[in-house]
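Asker: The following comprises the amino acid sequence and a computationally predicted model.
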Amino acid sequence: MSKNALITGSSRGIGAACALKFAQEGYRVALCGRTLSPAAEKSLEKVKKHSPNSFFLPYDVRCSAETEKAAVKALEQMENIDALVLCAGVSWQGLFQYTEETVFDKIMDTNVKGAYLTAKAILPSMIAQKSGNIVFVSSMWGETGASLEVVYSASKAALIGMTKALAKEVAPSGIRVNCVSPGVIDTDMTLALSKETTKLLEAETPLGRIGKASEVAETVYFLVSERSSFITGQNIGVNGGFVI
């Protein structure tokens, strides 16, 4: 019997790579994003080549009402969700003293509240079936902090803490909760960086290159597979040695 996965932020980047990886492994995937944008359509098209019954589920992760409705719809279509991958996130660069409250709210509402709301909505079904895997997508900046990305770093650090605490809470129900913290990965977020900054980050990475979204997806899939059956509450760095 095929398994089911719900992946937020799957229109592009790491989320899209995760959706494709899970589809290739035989999962039916609910790809989630705010709207069925051209990028989301492209991601869905790639996924459906491997998993024809996969579908796109539009909702705003920051909104509790939309999230609850989306969870109900996903469970109606898939009956159960075996894997929940929380990729939705936004970033912003600038001096902390000039960070507007609206920017703070947008980052925290998307990165932290968004993950909380979706996990909270899906978790009861996993508890009922006494199984499931949840993977939060953090960042190496959540481990070390990044100058000019204070709020983003704080939001990603919160996900690591959420992972550890939730893993303890739901382990008796047969649910594992883990986290991945990517380094510098070739996604739309890194496209916003200057060439000079990108080259500097490459030089600071021991493996000497930028990572691929597919490499993060491989780690995420490992964490929901039976190959990691005794791993929970862990934060796995996928950063080319940037954080050691």
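Answerer: Yep, it's here.
Asker: Tell me the pLDDT of the most centrally placed residue in the chain.
Answerer: Nearest to the mean C-alpha position of the chain, counting by CA atoms, centre = their mean, stands residue 87 at 2.0 Å. At residue 87 the predicted local distance difference test score is 98.
Asker: got the contact list for it?
Answerer: 7-10, 13-15, 18, 137 (CB atoms under 8 Å, 6 or more residues apart in numbering). For glycine as for every other residue, the C-beta is placed from the backbone atoms N, C-alpha and C.
Asker: First-to-last residue distance for stretch 92-109?
Answerer: One end of stretch 92-109 to the other measures 13 Å (CA to CA, to the nearest Å).
Asker: about what we covered before: most neighbours, which of the contacts of residue 87?
Answerer: The member of these that has the most neighbours, counting by other CB atoms under 10 Å, is residue 7 with 35 neighbours.
Asker: which residues does that one contact?
Answerer: Residue 7 makes contact with 15, 18-19, 22, 29-32, 84-85, 87 under the criterion CB under 8 Å, 6+ apart.
Asker: I'd like the residues you listed as CSV, with distance to residue 126 appended.
Answerer: Below are these laid out as CSV (distance: CB to CB, whole Å):
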residue, distance to residue 126
15, 20
18, 18
19, 19
22, 16
29, 17
30, 14
31, 19
32, 17
84, 8
85, 13
87, 18
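Asker: Please produce JSON lines containing the residues you listed, extended by secondary structure.
Answerer: Output for the contacts of residue 7, formatted as JSON lines (DSSP: H, G, I helix; E, B strand; the rest coil):
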{"residue": "15", "secondary structure": "helix"}
{"residue": "18", "secondary structure": "helix"}
{"residue": "19", "secondary structure": "helix"}
{"residue": "22", "secondary structure": "helix"}
{"residue": "29", "secondary structure": "strand"}
{"residue": "30", "secondary structure": "strand"}
{"residue": "31", "secondary structure": "strand"}
{"residue": "32", "secondary structure": "strand"}
{"residue": "84", "secondary structure": "strand"}
{"residue": "85", "secondary structure": "strand"}
{"residue": "87", "secondary structure": "coil"}
